[in-house]
Every structure is written in C-alpha cells, then in structure tokens.
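Visitor: Following is a predicted model, sequence given first.
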Amino acid sequence: MKKQLNTEKAPAAIGPYSQAIEANGTIFLSGQLPIDPATGSFPEGGIKEQTRQSLLNAQAILRSAELDLSNVVKTTVLLSDISNFAAMNEVYAEFFSAPYPGRSAFAVKDLPKGALVEIEMIAVR
C-alpha cells in the first residue's frame with residue numbers, strides 16, 4: 001500500500017510527482033531542490049546555502065511522517081558542478097551523524113530551475 005506524504009513546510013512538487021511516498025515502512029523522498037517554501041526562491045549565496053535548504057526541505061518532509069534524518073538509509077546528491085562537492089559535503093556533515101546513510105553523488109549537466117544541488121533520500125521506520 002502506498003501513502004503520499006505532503007507538507008507545506010517543503011516546496012510543492014513542480015511536476016507530476018509526490019514530495020514523498022511511503023510503502024511498507026520505507027519512505028522514498030523525491031529530489032529536493034533548494035527552494036525556500038516561504039519565498040518560492042533559492043536562498044541567496046551558493047552551494048552551501050542551497051545544500052542547507054535542500055536538506056531542510058527533506059527534513060521537513062520526514063518530520064511530516066514523524067521521522068528524522070536518523071531514519072535515512074540512502075541519499076543521492078546531484079550536483080551541477082563536481083567542484084562543489086567539498087562545500088556540499090561540509091554542510092551535509094552538519095545534518096547527519098554516524099552511522100551515516102549510504103550515499104551516491106553525481107555531477108549532472110543541468111538541474112531544474114538552474115539549481116546547484118538536488119538531494120533525494122530513502123528512509124525507513
């Protein structure tokens with residue numbers, strides 16, 4: 001059985017997808033762009049500010065399911081430029097603690113709306 005997760009504390013989906021879906025105790029968070037849900041814009045600054053916002057958005061979705069980042073078992077980080085990896089990783093480390101989730105990180109040609117980063121997650125109850 002699938003259950004849609006949705007919160008106004010994270011940006012609404014910009015296409016035909018859900019913020020997250022829960023199936024059998026596993027939560028699949030869609031990629032979170034660094035959109036501030038209060039303003040509809042990216043935060044001012046660069047990769048660090050955008051990474052922080054993407055993670056805050058994911059955190060808000062998890063909280064809507066009464067979970068937190070300690071429930072995350074896998075993340076995928078998409079970067080518009082791999083040279084931003086170290087700065088992204090610095091902020092990422094502020095949000096997670098051991099045991100850290102598995103992670104993949106990729107540089108991609110472009111991200112929606114010109115974002116520098118997008119982060120998706122899988123979490124379990």
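Guide: All right, it came through fine.

Visitor: From now on I want contacts and neighbour counts done on CA atoms only, so please keep to that.
Guide: Will do.

Visitor: Can you name every helix or strand that the biggest helix by length in the chain contacts?
Guide: As assigned by DSSP state H, the longest helix anywhere in the chain is helix 47-64. In this structure, helix 47-64 makes packing contacts with strand 26-32, helix 85-95, strand 117-124, judged by 3 or more Cα pairs under 8 Å, 6 or more residues apart in numbering; DSSP states H and E.

Visitor: switch the cut-off to 6 Å
Guide: Secondary-structure packing of helix 47-64 (3 or more Cα pairs under 6 Å, 6 or more residues apart in numbering; DSSP states H and E): no helix or strand packs against it.

Visitor: For that helix, the averaged confidence score.
Guide: Along helix 47-64, the predicted confidence averages to a pLDDT of 98.

Visitor: in that helix, what's buried?
Guide: Across helix 47-64, burial judged by 16 or more other Cα atoms under 10 Å covers 47-62.

Visitor: Spell out which helix or strand contains the closest residue to residue 36 other than its chain neighbours, please.
Guide: If you skip the residues right next to it in sequence, residue 36 has residue 42 as its closest partner in space, 5.9 Å away by Cα to Cα, 6 or more residues apart in numbering. No secondary structure element spans residue 42, as it lies outside all helices and strands (assigned by DSSP states H and E).

Visitor: Paired strands for the helix or strand of the chain with the lowest mean pLDDT, with orientation please.
Guide: Every helix and strand of the chain was ranked by mean pLDDT, DSSP states H and E. The lowest is strand 2-5, at a mean of 95. According to DSSP bridges, strand 2-5 has the following sheet partners: strand 20-23 (antiparallel).

Visitor: that older thread, so, if you compare the buried residues of helix 47-64, which one comes nearest to residue 17?
Guide: The closest of those to residue 17 turns out to be residue 61 (Cα to Cα; 14.1 Å).
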